[in-house]
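> Quick one, fold the following:
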Amino acid sequence: MNARHRLSRTSTLVIAVGAAVSVLCGTTVPSAERRVQARAGPELPPRLVDDACGRQVVLLGESPTHGFGVSMRLKAELVRAVVERCHVDAVFFESGVYDFLKIDADLRSGRPVGPATLMAAVGLLWNNADVAPLISFLADRANHGHLVLGGLDDQIGRGTYAQHSMAADLVRPLEGDEKAACLATLRKHTEWQYTADAPYSVNDRTRILDCLDRIRSKLPRSNTTDLTMTDSVARWLARDFPVAAGAALAAQQFSARDASMFDNFQVLMARLPARSKVVVWTATVHAARDLSAVPGREGSRSLGSLIAREYGNQLFSLGMSAHAGTFARTGQPPAKLPDPPAASLEANALARAHDDLRYLTQHDLSELGAAPSRLMGTAFVAAQWDRIFDGVVVVREERPPDFARPASELRLGRAARGHVRRAE
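Numbers count the residues shown, from 1 in each chain. All right, here's what the predicted structure looks like:
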C-alpha cells in the first residue's frame, strides 16, 4: 500500500523519530553496516517490540545527553523492527520540520531522497554509524512510497535546507522590493549574518515576524507546507529575549519548544489516515508522560504529556538508561558514567540478571517504587517512574556513539545562536 495516498485503511503505524536540528555543512552518511556489526551488542527484547506495536502512539526516549551509542543502536533496530512487522506508514523525527517538509514535497514530485539528504535532515546528533543503517532503510522505504517522513522541531540547524534555501522558497508569494527586503531579512537570520557591532536585536525579530505575516497573508490555506514553516519560525523566534531567569526560564523554554513540537505533530498527523499509529524517537525528557513529580523538572510540560492528554492509554512511552560505561556528546571526549546507587533503578534492574540489558515493563517499574535513576540525564533523581514511562530499557554497559567523523572534526567551536541544537 502506498503511504502517500489517503486510503481507506483505518490502522496505520507512524514512527516519529526525534532528533535535534544541529547539522554541520556537508553532513554525510557513514558506510555503517560493517562497523555496526563489529560493535554488535544487546538484542531487542521481543516483549519490547510487542509493546511498541500494541499502542497507537509510541515515544522512544534516550538519554538527554544524546551520548549513549548502545541505546541509539537499539532504538534504530527497534524502529526498523516495528516498521517491518507492524505495517508502519510514517516516521517522524524530532529534528527540524523544515527539511522534512521539503523532502516530502520532493517525494510527492517524484524526486527521490538520498541517505545523505535524510541524514542532514535528521541532524548531527544522530550522524553516526549506529543510526546510519536505519537512515538508509528509511530512505529506501520512502522512495518506494511505503513510508512518510516528517520532523517536529522548530529550530533551524546548520547545513540544512532551512538554513540556506528555505528563505528563497518562503518569499515566493511576495513581489518586487517587498520580496527582496524580506529575503534579505530572513537570510540574515538563518545564516546568522549579525556582527558584534550590529548584534541580533528585538527590532530584528520584529522585522522577521513582519515578513512572516506578509508571507502568510498571501498563502492559501491549502498550502500547509509553507504555512507550517512560517508558523514554526515564528514560534522559534517567540522564545528569544525572555524575561524569566534560572529554573523558571529553563522550564518556560522547554515547555514552549515541546508545545511547538506538538503543534507540528498535529499538523503531520492531519496529513495521515485516521487512527494512524505513531512512534516518536526523542529524549526521555520529551517522551515523559508527566514531569511534574520529577525533581528539577516540576514546571516543565513535555511533548509526551501533551500527547498523553489526547491519546491516554493508547500512548506507550519508553525511557532508556544505562547501568555503567562511558558516553560522549557530539564532538566531546568520552566520559565515565557515575556509578549507580545500590537503590537505583539501574542497579535493581540488573541485580539478578546477567543479560546485557533488561526491559522493565510498567508493572516492573511500579514494583520498584520511587527510585533514583539517570533517566533524565547523568545525575540521579528519584521518582515514581511507572507514572512517567510505560517501560524502561536499562543497558548494562554503554559506550559513546560510533561517530561518522573523528571528534576533532565534529567540534562546533563557537556556535552561532540558533544553529546548534540546545541541550535536550
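> and residue 321, which of the three is it?
strand (DSSP: H, G, I helix; E, B strand; the rest coil).
> How far does stretch 89-104 sit from its chain's centre?
10 Å (Cα atoms, centre = their mean, to the nearest Å).
> for the record, mean pLDDT for it?
For stretch 89-104, mean pLDDT is 93.
> With stretch 394-402 instead?
The model assigns stretch 394-402 a mean pLDDT of 96.
> hmm, who's touching it?
30, 32, 35-36, 39, 41-42, 67-72, 74, 128-131, 320-328, 330, 334, 337, 345-346, 349-350, 355-358, 360 (Cβ atoms under 8 Å, 6 or more residues apart in numbering). Where you see a C-beta, it was placed from the backbone N, CA and C, and this is true even at glycine.
> For ChimeraX, what selects the buried ones among those?
Only the buried entries of those go into this ChimeraX selection, using 16 or more other Cβ atoms under 10 Å:
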select :30,32,35,36,41,42,67,68,69,70,71,72,74,128,129,130,131,320,321,322,323,324,325,326,327,328,330,337,345,346,349,350,357,358,360
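> which ones among the contacts of stretch 394-402 are found in strands?
320, 321, 322, 323, 324, 325, 326, 327, 357, 358, 360 (DSSP state E).
> Closest one of these to residue 299?
residue 321 (23.0 Å; Cβ to Cβ).
> wait, doesn't that closest one sit right on residue 64?
No: under the criterion of Cβ atoms under 8 Å, residue 321 makes no contact with residue 64, lying 11.0 Å away.
> what touches both of these two?
Applying Cβ under 8 Å, 6+ apart, one finds that residue 321 and residue 64 are jointly contacted by residue 284.
> Now for residue 384, how many residues are close by?
Counted with other Cβ atoms under 10 Å, residues neighbouring residue 384 total 15.
> for residue 109, phi and psi?
phi -90, psi 0 (degrees, to the nearest 10).
> Now do it: how many residues are near it, please.
The burial count for residue 109: 7, using other Cβ under 10 Å.
> State the pLDDT value of it.
94.
> Then residue 10?
Model confidence at residue 10 (pLDDT) stands at 37.
> And residue 412, by the same measure?
31.
> Also residue 14?
Value listed for residue 14 in the pLDDT field: 51.
> Then residue 244?
Residue 244 is given a pLDDT of 84.
> before we move on, what about residue 24?
33.
> before we move on, what about residue 275?
pLDDT for residue 275: 87.
> ok, it to residue 292 distance?
Going from residue 275 to residue 292 by Cβ to Cβ, to the nearest Å gives 29 Å.
> Which one's more surrounded, the two?
The neighbour count for residue 275 versus residue 292, taken as other Cβ under 10 Å, is higher for residue 292 (14 against 11).
> count of neighbours near the nearest residue to the more buried one once chain neighbours are set aside?
Leaving out its chain neighbours, the residue that sits closest to residue 292 by Cβ to Cβ, 6 or more residues apart in numbering is residue 298, at 5.7 Å. By other Cβ under 10 Å, the residues close to residue 298 number 11.
> So residue 298 sits against residue 255, correct?
No: look at residue 298 against residue 255 with Cβ under 8 Å: they stay out of range, at 11.5 Å.
> if we can go back for a sec, and the residue nearest to residue 292, what element?
Following DSSP states H and E, one finds residue 298 outside all helices and strands.
> residue contacts, it?
251, 291, 292.
> and what of residue 204?
Per Cβ under 8 Å, 6+ apart, neighbours of residue 204: 185, 188, 189, 194.
> Show the buried residues in those residues.
Buried among the contacts of residue 204 (16+ other Cβ under 10 Å): 185, 188, 189.
> Just the ones in helices from those residues, please.
185, 188, 189 (DSSP state H).
> before we move on, back to that, okay, the contacts of residue 204 in JSON lines with pLDDT and distance to residue 175 next?
JSON lines is the format used below for the contacts of residue 204 (pLDDT from 0 to 100; distance: Cβ to Cβ, whole Å):
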{"residue": "185", "pLDDT": "98", "distance to residue 175": "16"}
{"residue": "188", "pLDDT": "97", "distance to residue 175": "20"}
{"residue": "189", "pLDDT": "97", "distance to residue 175": "21"}
{"residue": "194", "pLDDT": "97", "distance to residue 175": "27"}
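> What is the neighbour count of residue 371?
Neighbours of residue 371 (other Cβ under 10 Å): 20.
> any chance you could read off phi and psi for it?
Per degrees, to the nearest 10, the backbone of residue 371 is at phi -140, psi 150.
> measure the residue nearest to it when sequence neighbours are not counted to residue 47 for me?
When the adjacent residues along the chain are set aside, residue 371 lies closest to residue 345, with 4.5 Å between them (Cβ to Cβ, 6+ apart). As judged by Cβ to Cβ, residue 345 and residue 47 stand 18 Å apart.
> Check residue 245 too.
From residue 245 to residue 47 the distance is 45 Å (Cβ to Cβ).
> One more: residue 274?
To residue 47, residue 274 is 29 Å away according to Cβ to Cβ.
> can you pull out the strands in the chain?
With strands called from DSSP E, the chain shows them at 13-17, 57-60, 88-96, 148-153, 277-281, 315-327, 335-336, 357-361, 370-373, 381-384, 391-398.
> In CSV: these, plus distance to residue 228.
Formatted as CSV, these follow (distance: least, Cβ to Cβ, whole Å):
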stretch, distance to residue 228
strand 13-17, 15
strand 57-60, 20
strand 88-96, 11
strand 148-153, 10
strand 277-281, 17
strand 315-327, 23
strand 335-336, 38
strand 357-361, 36
strand 370-373, 36
strand 381-384, 35
strand 391-398, 32
